[in-house]
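# sequence unavailable; structure follows:
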């Protein structure tokens, strides 16, 4: 089971903010590209203007493996957002590279989710303009 | 010795009663609670020369000053971040009176969180979320506080192998306290641990009885120097220490990218700072008034504040005896946000003042020092108040 | 050269709350009402929850004849300076009513360039659309 949307209600649309351009360019090509410091090489998610470790402004974008594990999760049994049909789950995935991402799982029922479960990225085109990186069980 | 220690005190307090629908604007309730606080302290608006408000309500410091005909403000400003703001506002007022920037400062927060009668109706609109949250959380349906904080709590349950049934003891104790408090949304309505277990799951891992209760209401304090406090009619609640903390990797109510998302790092630092600055130790603290937006936050903070070992918070609350009014470390004796109503920590400070004045509806004998801490998983603040 | 709305551009509607509802309901009936403290008699505008003189909250409403003088005014001459829903040039003025309170509005039915401080004015009511009526002011003879 995946997240089901009530398409008649407006979706919370992500911001294609220019600090996140590399992330979105990657998604346009169905790649998960995250921010990496051009100087010290530290990964940083969510993207931000400066490396929090070495304060460099040399940002680059690099594709990640897309493999990781479920670090934590919640299940909405009552929807608080009219465009989402309950129940649905939100997961915090820890990637092999160490960064964490909020996302949804596809083809996994809420009662099958476990912390530590191995997952990998898939790309879900939720509407014409918007594709989101989501995760499936490996 | 710390510069601020015992230099300032809360000398007046006014509460505009909690309800599901105040049918007043937030500005109106704010004015009424300030008027009560002035009466309580024996002051008039002419004496007020400073104001600190919360940053995201329908009113601001100008509106209140104008509405109450106050003529000579020499210190004013606002503070943000929900519960994390409340102790911060008192701290700022204390610093301002101690430095001589003003003499009598109003601290106020007024919310129509239950009726949502305000200009900025929607939570999303009210909390101007940074673009990062709109991009990386909202499209996945992580759009509410229960989900945001549930993510951390789930991990806490996992890391310490906790049976989440235990969180119900917090609810039982807080509702027991609230049931004795006429200002509470749950006056004379206690619930049992059994009720907790039977309450439905809303956003897993939370049950309905894990939640705090949104209210319409307002609380105002008057802060003055210790010198001036002695000449006023009420017993002062002296501010021994105040602290704020925002740590590396902080995001509002999420902070998912820190090495640990369960250790309430900011709360640890607030506690450490409060103890250092006040010179008191854990065993001097007679009770806690702490953040309880959701029940599991209580055992988590007991650990982070240093009242028990990491992972032992749930053992501490088991059965509820140790945190009850007659226990070794009473918690949230007015009921707090779960048992009284959620005024974002202002009600926790108010209850601390009541306990020190011996006017609480769940009065504990011989209370001398109280630790207040509000806000978690984001900017966090705290106070140690004494008689 | 007189005050005109540009059709099709939505106006920002007032936020009506418990405190100012009396004002807007009265305006809908083409009556200007001014808030008055029922304890000490102080008149106030814009409406507020508490009397700044005596801190009472029992505020009432009193109809106003709507007569006063221009206290000060500005003229929005250039398109890009003004609100897009109103045709430039237009005048925004604070009017001091005979009761002693000031109210902000537009001066209508005349060329804004001819407005002057001290100009006697009286209230007129403009039904902007089905949901919105506003009080405006026009020049009156002494």
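Thanks, I have it. This one's a predicted model, so the numbers in the text were calculated from it and none came from an experiment.

# all helices of the chain, in order?
By default, I'm working from chain A. For chain A, the helices defined by DSSP state H cover A:21-28.

# I was thinking of chain C, sorry if that wasn't clear
C:21-28.

# measure stretch A:8-21 end to end?
With CA to CA, to the nearest Å as the measure, the first residue of stretch A:8-21 is 29 Å from its last.

# for that stretch, buried residues please.
A:11, A:12, A:14, A:15, A:19, A:20 (16 or more other CB atoms under 10 Å in any protein chain shown). To be clear about C-beta, it is placed using only N, CA and C from the backbone, and glycine gets the same treatment.

# then stretch B:96-114?
Neighbour count says stretch B:96-114 has B:96-98, B:102-114 buried, by 16+ other CB under 10 Å.

# quick check: the farthest pair among those?
Maximum pairwise distance in the buried residues of stretch B:96-114, criterion CB to CB, is 36.0 Å, between B:98 and B:114.

# ok, now which ones touch residue C:65?
Counting by CB atoms under 8 Å, 6 or more residues apart in numbering or on different chains, residue C:65 touches C:98, C:122.

# repeat the analysis, applying 7 Å as the threshold.
Contacts were defined as CB atoms under 7 Å, 6 or more residues apart in numbering or on different chains; by that measure residue C:65 touches residue C:98.

# give me phi/psi at residue A:87?
phi -80, psi 150 (degrees, to the nearest 10).

# so where's chain C shaky on pLDDT?
C:1, C:80-81 (pLDDT under 70).

# let's go with 80 and repeat that
Applying pLDDT under 80 to chain C flags residues C:1, C:8-12, C:78-84, C:142.

# which strand is the longest one in it?
strand C:67-76 (DSSP state E).

# how far away is the closest residue to residue B:154 other than its chain neighbours from residue B:147?
Distances taken as CB to CB, 6 or more residues apart in numbering or on different chains put residue A:72 closest to residue B:154, at 4.7 Å, once the chain neighbours are dropped. From residue A:72 across to residue B:147, the span is 11 Å (CB to CB, to the nearest Å).

# what of residue B:8?
Using CB to CB, we find residue B:8 at a distance of 39 Å from residue B:147.

# looking at the two, which is more packed in?
Under the criterion of other CB atoms under 10 Å in any protein chain shown, the comparison of residue B:8 against residue B:147 puts residue B:8 first, with 30 against 27.

# for that one, give me its contacts.
Taking CB under 7 Å, 6+ apart, one finds B:94, B:97, B:98, B:223, B:224, B:225, B:226, B:239 in contact with residue B:8.

# the domain parsing of chain C - what is it?
Following automatic domain parsing, chain C resolves into domains at C:16-64, C:65-142.

# quick check: which of those is nearest to residue B:215?
That would be domain C:16-64 among the domains of chain C, by CB to CB, at 17.4 Å.

# the closest one vs chain B: in contact?
Yes. With CB under 7 Å from any CB of the partner chain as the criterion, chain B is reached by domain C:16-64 at C:17, C:18, C:19, C:48, C:49, C:50, C:52, C:53, C:55, C:57.

# could you pull up the residues touching the residue lying closest to residue B:232 once chain neighbours are set aside?
Among residues not flanking residue B:232 along the chain, residue B:11 sits closest, at 4.9 Å (CB to CB, 6+ apart). Listed by CB under 7 Å, 6+ apart, the contact set of residue B:11 reads B:41, B:222, B:223, B:224, B:229, B:232, B:234, B:236.

# ok, back up a step: go ahead and confirm the residue nearest to residue B:154 touches residue B:150.
No. Applying CB atoms under 7 Å as the test, residue A:72 and residue B:150 come out as separate, 8.5 Å apart.

# hmm, back to that, so can I have TSV of the buried residues of stretch A:8-21 showing distance to residue A:55 and pLDDT?
Formatted as TSV, the buried residues of stretch A:8-21 follow (distance: CB to CB, whole Å; pLDDT from 0 to 100):
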residue	distance to residue A:55	pLDDT
A:11	36	81
A:12	32	81
A:14	27	85
A:15	25	78
A:19	16	84
A:20	20	88
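
# check chain C for the residue nearest chain A and tell me.
residue C:10 (19.6 Å; CB to the nearest CB).

# in contact with the residue nearest to residue A:125 when sequence neighbours are not counted, which residues?
Excluding its sequence neighbours, the residue lying closest to residue A:125 (CB to CB, 6+ apart) is residue A:131, at 4.7 Å. Residue A:131 makes contact with A:27, A:123, A:124, A:125, according to CB under 7 Å, 6+ apart.

# could you do residue A:51 as well?
A:37, A:39, A:40, A:42, A:44.

# what about those, which one has the most neighbours?
Counting by other CB under 10 Å, top hit in the contacts of residue A:51: residue A:37 with 20 neighbours.

# and the gap between that one and residue A:57?
9 Å.

# quick check: buried residues in the helix or strand where the residue nearest to residue B:232 lies?
Taking DSSP states H and E as the criterion, residue B:11 maps to strand B:8-19. Within strand B:8-19, the residues that count as buried by 16+ other CB under 10 Å are B:8, B:9, B:10, B:11, B:12, B:13, B:14, B:15, B:16, B:18, B:19.

# what's the closest of those to residue B:349?
Using CB to CB, these come closest to residue B:349 at residue B:10, 7.5 Å.

# center of chain C, which residue is that?
The C-alpha lying nearest the average C-alpha coordinate of chain C belongs to residue C:105 (CA atoms, centre = their mean; 3.8 Å).

# pLDDT score assigned to residue B:69?
Looking at residue B:69, its pLDDT stands at 89.

# can I see the domain layout of chain B?
According to automatic domain parsing, the ranges for chain B are B:8-122+B:216-238, B:165-212+B:240-386.

# could you dump those into JSON lines and include distance to residue C:126?
JSON lines is the format used below for the domains of chain B (distance: least, CB to CB, whole Å):
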{"stretch": "domain B:8-122+B:216-238", "distance to residue C:126": "24"}
{"stretch": "domain B:165-212+B:240-386", "distance to residue C:126": "42"}
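
# of all those, which one is nearest residue A:117?
domain B:165-212+B:240-386 (15.7 Å).

# give me the residue from chain C nearest chain B.
residue C:52 (2.7 Å).
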